[in-house]
Structure formats: C-alpha cells, structure tokens
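Trainee: Got a sequence here, can you model it:
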Amino acid sequence: MHGILIFAAILGGISAKDGPKFVDSGSNVTVVVGRDTTLTCKVDNLNDYKVAWLRVDTQTILTIGPHVITKNHRVGVARGDAQVWALTLRDVRPADGGDYMCQINTEPMITQTHHLQVVVPPDIVDSGSSGEVMVREGENVSIHCAALGTPPPTITWRREDSGVMKIGAESVNKWSGVWLNLSSVVRDMSGALLCIASNGVPPSVSKRIPLRVLCKPSVAMTQKMIGGYLGQSVTLVCRIEAYPTPGVHWTHINVNRIQNGTKYQAIIKSNGYKHTAALKINDVSRDDIGAYQCHAENVLGSAQDDITLYTLATTTITTTLVTTTKATTVVTERTSSTQPYMELETTPDEYEKIVPNEDTYVVVLSQHQMQNLELSPSL
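Mentor: Numbers count the residues shown, from 1 in each chain. Predicted coordinates:
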C-alpha cells in the first residue's frame, strides 16, 4: 500500500462533494506480447478529484491525472473524452502481465482493478527436442518435443505424409503429448514426423523430425523374363528397399560381376529407403542371353533377385509366283514380317512352325493358260 499512501499524500485527501464514480466495472484485457494495449478507466462526476494508475503487485504509481510518473517510457495516458482516463502500454512484455488499479482520491479512496494477461505464441525449444532419429526395423522408439508459450502449448504429432503411426496396439494418424512412443517401427514409416505446438495464440509452429528406419535389403525384379532385339539395347530394372543406401551390382551367368562400360551401363536412383536399379545392355547378341542377378547389400544384410533375357530376331518369309507361257516369264514377290523367337526355349520343331521353309513355291495360272497347259501323265 506504499504507492497508495504516497498518492493520497500527494493529492491531500480531498473530500468527495458530488461523489465521483466509475461508469464501468474493471476489465480483463488480453494482449499478444510485443503489441500495444490500453486499460480504460471511465469516471463520472470527477470534478476536482484526480485519477491515478498504479501497478498492484509492485505498488508503483504510474500516472496521476495526465502526467506519467514512472520512468518507464512505454507507459502513457490517453484521453478519449472528459470521462476517460486510459493507461497505455507499448510493446507489451510478459512481465507487464498482472493487476492494475485505477484510483480516485476521494475520502475514502475508491478504486477499480483491471487485469492484463500477456499471451505468448508457442515456440519449440530445439535444445529440448529430438533431432534426427534412427531406429532398427521392428524396434520401439520414443521421440520428444518441448515448447514454450503462454498459455502452455499443447503438442500434436503426425506424419508428414499423413500416414498412420503405431502406438502400442493402436494405429493412429495423430497423437497428442510431448512424447511420441512408437511401437514396432516398420520401414514404411521412414520419412519425417511433425511436432506441432499450439496454444490458441497464432501462429502455431512445427518442427520437422526425420525418422530413419534401418532395414536390410529386399530386392524384386520388375519382370522375370524380358526380350531384346539383336543389335539393339535392352534395360533390366529391379526395385530395392534398404537403409542405409545399399551397394548394388549385377551379375550374368557368364560374368562374375558386370562392370560399367560401352556394353553395360548400370545406374541407381534413390528416394529414402526405396531405390530403383537399372542395367542397360547395348548391342544385344546371343551371348547376352541367360539369367542376370541384381544384388543389394548394406551393413544389415544382402538380397538378390534374377531376370532372364532372351533375344528377338527379324526373319523373312518368301513367296514365289511363277507363270509359264511360250515365252516363259517368272515373277517373284517377297513379303517380310517380324517373327520373334526365344533363343532359350524354342525347339527345332517349334522353330519350323515360326519360320517356314523358304523353298515353298506357289504357281498361279490364268484360265487361258490352264486351257493351253499340257499336263504330264504324272500330274
């Protein structure tokens, strides 16, 4: 009450005549940190009395009448009309929160209390939160997110790709709490988790926490057999899942390990734990047929899968037309078509069905020629 007594002494304890009174009741004002705010005290019948503003918790006199008493340069007095005595605060800080008293120096003094709440948007504390997390597939992991703000923020977790998370026996899309306890993590959860802090004061903030699931390789060819034309190129493709990124190489039945060069070109493209490996074989020949294997290996294990290459060739079926007259004229027409054959699987009999004998002749005669044709007895 030290500030209150000083105020009374300064004003000399003037007696009330017409009875000043507060028009409104005390207020509760909420302001976001860093902004300006105003606490309004509206008085009727003030006459010769004085209005003062005090900080209750420190008993500090801030203003008397139109004058600012405190040395705090952020404090001011605003007058909207004769009844209004407003306390203004610029660039509000968290420490400004609390109770403020509007006093009139009547005998006894009359007072009105206003409460100022300073709210602070959420802020995630990096030093108290998890960074990149690595966990072996099938294991459990706990991830922490710490945030500050007024009121205290709530923490919500979700996956960046909006997928499900396994927590105990539950599979959920989001979770609340400063700790996220994941159970039996699988490779499909590789990616990023979002820790979102909110307290009703915009803006909400989030932290991206990468989750790396360590897993041994799995390999699957996109096809089990593939054909290629002789002299052209063909590409073999295999899909790999593994983390860390595996080493990949190819083998052929006649080659222990294929090396990059003009004949073979091996490439790999990675996206997280998913990888696509391709082997391009140039100038395909019959020596290239057979089984190829795609091998993947990292520190957790290895895997492989195979694909069989067969060749495709272009063959020609020839049809000959023969016309016999007194002056013999022979006209030959040839029709070409593409016929595939599987170098590894086609038997000689099947080959004859696919590629007919080129010595087949077809004789075509006109009606006039048929009448003049002398057939031999053998015909």
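Trainee: At the geometric centre of the protein, which residue sits there?
Mentor: Centroid-nearest residue in the chain, with C-alpha atoms, centre = their mean: E160, separated by 4.4 Å.
Trainee: And that residue, how close does it get to T38?
Mentor: Counting by C-beta to C-beta, to the nearest Å, the separation of E160 from T38 is 43 Å. From N, CA and C alone the C-beta is placed, and that goes for glycine too.
Trainee: again with P203
Mentor: For P203, the distance to T38 - C-beta to C-beta - is 24 Å.
Trainee: Comparing these two, which residue is more hemmed in?
Mentor: Using other C-beta atoms under 10 Å as the criterion, P203 and T38 rank with T38 on top: 15 against 8.
Trainee: The more buried one: which element?
Mentor: Following DSSP states H and E, one finds T38 within strand 37-44.
Trainee: Can you name every helix or strand that the next helix-or-strand element following that strand contacts?
Mentor: Using DSSP H and E, the next helix or strand after strand 37-44 towards the C-terminus is strand 51-55. Helices and strands touching strand 51-55, by 3 or more C-beta pairs under 8 Å, 6 or more residues apart in numbering; DSSP states H and E, are helix 2-11, strand 37-44, strand 60-64, strand 84-89, strand 98-104.
Trainee: returning to what we had before: how far away from the center of its chain is the strand holding T38?
Mentor: Centre-to-centre, strand 37-44 and its host chain are 50 Å apart (C-alpha atoms, centre = their mean, to the nearest Å).
Trainee: Provide the count of other residues in contact range of the residue nearest to the residue nearest to the centre of the chain when sequence neighbours are not counted.
Mentor: Spatially, and ignoring its direct neighbours in sequence, E160 is nearest to A192 (4.1 Å; C-beta to C-beta, 6 or more residues apart in numbering). Using other C-beta under 10 Å as the criterion, A192 is surrounded by 15 other residues.
Trainee: And for A220?
Mentor: Residues near A220, counting by other C-beta under 10 Å: 11.
Trainee: Can you tell me the element it falls in?
Mentor: A220 belongs to strand 205-221 when assigned by DSSP H and E.
Trainee: what's the next helix or strand after that strand packed up against?
Mentor: Sequence-wise, the next helix or strand downstream of strand 205-221 (DSSP H and E) is strand 225-229. Contacts defined by 3+ C-beta pairs under 8 Å, 6+ apart place strand 225-229 against strand 234-243, strand 301-312.
Trainee: right, and the helices and strands packed on strand 51-55 - which one's nearest N260?
Mentor: Ranking these by proximity to N260 (C-beta to C-beta) places strand 37-44 first, at 69.5 Å.
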